[in-house]
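1. Sharing a model prediction with you, sequence too.
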Amino acid sequence: MRLTDYHTHTFRCGHAGGMARDYIESALIKGLSSVAVTDHIPIYFLPGDDPLPEFAMAKSELAGYVNEVLGLKEEYASRIEVLLGIEADYIEGREADLEHLLNRYQWDVVLGSVHWVAGDWIDGPSSARRHETEGSEALFNEYYRLLARACKTGLFDVMTHFDLPKKFGHQRPEACRELEMAAVAAAAEATVAIEVSSAGLRKPVREEYPAPELLSRLVLAGVPVVFSSDAHAPAEVGWEIRLMQKKAQQAGARFTATFKNRQRSLEGPGDPARQP
Ligand code: ZN
Ligand code: FE
Ligand code: FE
Ligand code: ZN
């Protein structure tokens, strides 16, 4: 099966290391056929050019980022497919602003992420404490409510880290199953893909996103998958991608999605394009 990585960051976001070129070189060394550069979108929902320098690039940097990735895409075209991507935060009530921003560039793939939950980050350095103060049930429920809404906006091609609130090792309470299933249904109806991400393996939870049972439910609902590392360092590109492919197979996945100019193609196991 071809190796692809649909989620990587760069130094521009302020909490990752390496230039886009370093990530592409790492992808080449690891034998990947495609790598999407998907840095965090600027914090469009807060005022100022660079409201949170440790979370995302400045608004004024976005054009430079796009030009850099487009240049690399051309430069590397004969060796590896480089995709121009972005990881875009879903913020309830700011959909029009996000749409306006996304429409300015010709992306290959737009990842949709819910990181901002009930007035704070769900995955930031101090977010583990929120499970103690606010409770896992409230956090997971609110997260899944937002994720379902994000799916329905039509703004995103791939929904990331589907069960992100587990990052620090807090498993989804049974009471949140209903809203989790509603998010699964929303993903299926919206024709978004989801990522099977090895990032969770590098986090306290030590489990890929999404968890095996949740992945099975998404697959059963007809949601196609992409594979990702969510690399924040060049060495992490392609991290455990073969294992993620195996997890998808175990969950019964029949289709892998690929993207170009935000056009989705589905590859099945019988597709010759997927033979090594
Ligand atoms: Zn990040
Ligand atoms: Fe994310
Ligand atoms: Fe990311
Ligand atoms: Zn991410």
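-> All right, it came through fine. Ligands and ions are numbered 1, 2, ... in the order given.

2. Now do the contacts for the residue of the stretch 101-250 of the chain found nearest ligand 3.
-> Closest to ligand 3 within the stretch 101-250 of the chain is residue 230: 4.4 Å, counting by Cβ to the ion. Every residue, glycine included, has its C-beta placed from N, CA and C. By Cβ atoms under 8 Å, 6 or more residues apart in numbering, residue 230 lies in contact with 7, 8, 9, 160, 161, 195, 197, 198, 199, 236.

3. Restricted to strands, list those residues.
-> With DSSP state E as the criterion, strands contain 195, 197 from among the contacts of residue 230.

4. could I get the contacts of residue 230 as a markdown table with neighbour count, distance to residue 82 and pLDDT?
-> What follows is those, written out as a markdown table (neighbours: other Cβ atoms under 10 Å; distance: Cβ to Cβ, whole Å; pLDDT from 0 to 100):
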| residue | neighbour count | distance to residue 82 | pLDDT |
| --- | --- | --- | --- |
| 7 | 27 | 14 | 99 |
| 8 | 30 | 10 | 98 |
| 9 | 25 | 15 | 98 |
| 160 | 26 | 19 | 98 |
| 161 | 27 | 22 | 98 |
| 195 | 28 | 18 | 98 |
| 197 | 27 | 20 | 98 |
| 198 | 25 | 20 | 98 |
| 199 | 24 | 20 | 98 |
| 236 | 22 | 17 | 98 |
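
5. Sticking with residue 72, tell me its helix or strand.
-> Per DSSP states H and E, residue 72 falls inside helix 62-75.

6. about what we covered before: keep only those of the contacts of residue 230 that are in helices.
-> Among those, no member is found in helices (DSSP state H).

7. Need the contacts of residue 230 in CSV (columns: distance to residue 154).
-> Listed next are these as CSV, based on distance: Cβ to Cβ, whole Å:
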residue, distance to residue 154
7, 20
8, 24
9, 25
160, 16
161, 20
195, 18
197, 22
198, 28
199, 25
236, 30
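
8. which one among the contacts of residue 230 gets closest to residue 70?
-> Distance to residue 70, by Cβ to Cβ, is smallest for residue 8 among the contacts of residue 230, at 15.8 Å.

9. excluding its backbone neighbours, what's nearest that closest one?
-> Nearest non-adjacent residue to residue 8, counting by Cβ to Cβ, 6 or more residues apart in numbering: residue 231, 4.4 Å away.

10. Now do the contacts for the one you found.
-> Contacts for residue 231 (Cβ under 8 Å, 6+ apart) come out as 5, 7, 8, 9, 16, 23, 26, 237, 238, 239.

11. So which of those residues wins on neighbours?
-> residue 5 (32 neighbours; other Cβ atoms under 10 Å).

12. just to revisit the earlier point, pick out the most distant pair among the contacts of residue 231.
-> 16 and 238 (15.5 Å).

13. what ranges do the strands span in the stretch 1-150 of the chain?
-> When assigned using DSSP state E, counting those that start in this stretch, the strands of the stretch 1-150 of the chain occupy the ranges 4-5, 34-37, 81-89, 109-113, 116-117, 120-121.

14. helices and strands around the longest one, which ones?
-> Just to be clear, that refers to strand 81-89. Secondary-structure packing of strand 81-89 (3 or more Cβ pairs under 8 Å, 6 or more residues apart in numbering; DSSP states H and E): strand 34-37, helix 62-75, helix 95-102, strand 109-113.

15. which residues sit against that strand?
-> Taking Cβ under 8 Å, 6+ apart as the rule, strand 81-89 contacts 6-7, 9, 24, 33-41, 43, 45, 66, 69-70, 72-73, 76, 98, 102, 105-116, 155-156, 160, 259-260.

16. Send me the helix or strand harbouring residue 183 as PDB with only the CA atoms.
-> Using DSSP H and E, residue 183 maps to helix 177-190. The C-alpha trace of helix 177-190 is given here as PDB (Å, rounded to 0.1, in the frame of the first residue of the first chain):
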ATOM      1  CA  ARG A 177     -21.600   7.800  23.600                       C
ATOM      2  CA  GLU A 178     -24.800   9.400  22.200                       C
ATOM      3  CA  LEU A 179     -23.100  12.600  21.200                       C
ATOM      4  CA  GLU A 180     -20.100  10.700  19.900                       C
ATOM      5  CA  MET A 181     -22.500   8.600  17.600                       C
ATOM      6  CA  ALA A 182     -24.100  11.900  16.500                       C
ATOM      7  CA  ALA A 183     -20.700  13.100  15.400                       C
ATOM      8  CA  VAL A 184     -20.100   9.900  13.500                       C
ATOM      9  CA  ALA A 185     -23.400  10.300  11.800                       C
ATOM     10  CA  ALA A 186     -22.600  13.900  10.900                       C
ATOM     11  CA  ALA A 187     -19.300  12.900   9.400                       C
ATOM     12  CA  ALA A 188     -21.000  10.300   7.300                       C
ATOM     13  CA  GLU A 189     -23.700  12.700   6.100                       C
ATOM     14  CA  ALA A 190     -21.200  15.500   5.300                       C
END
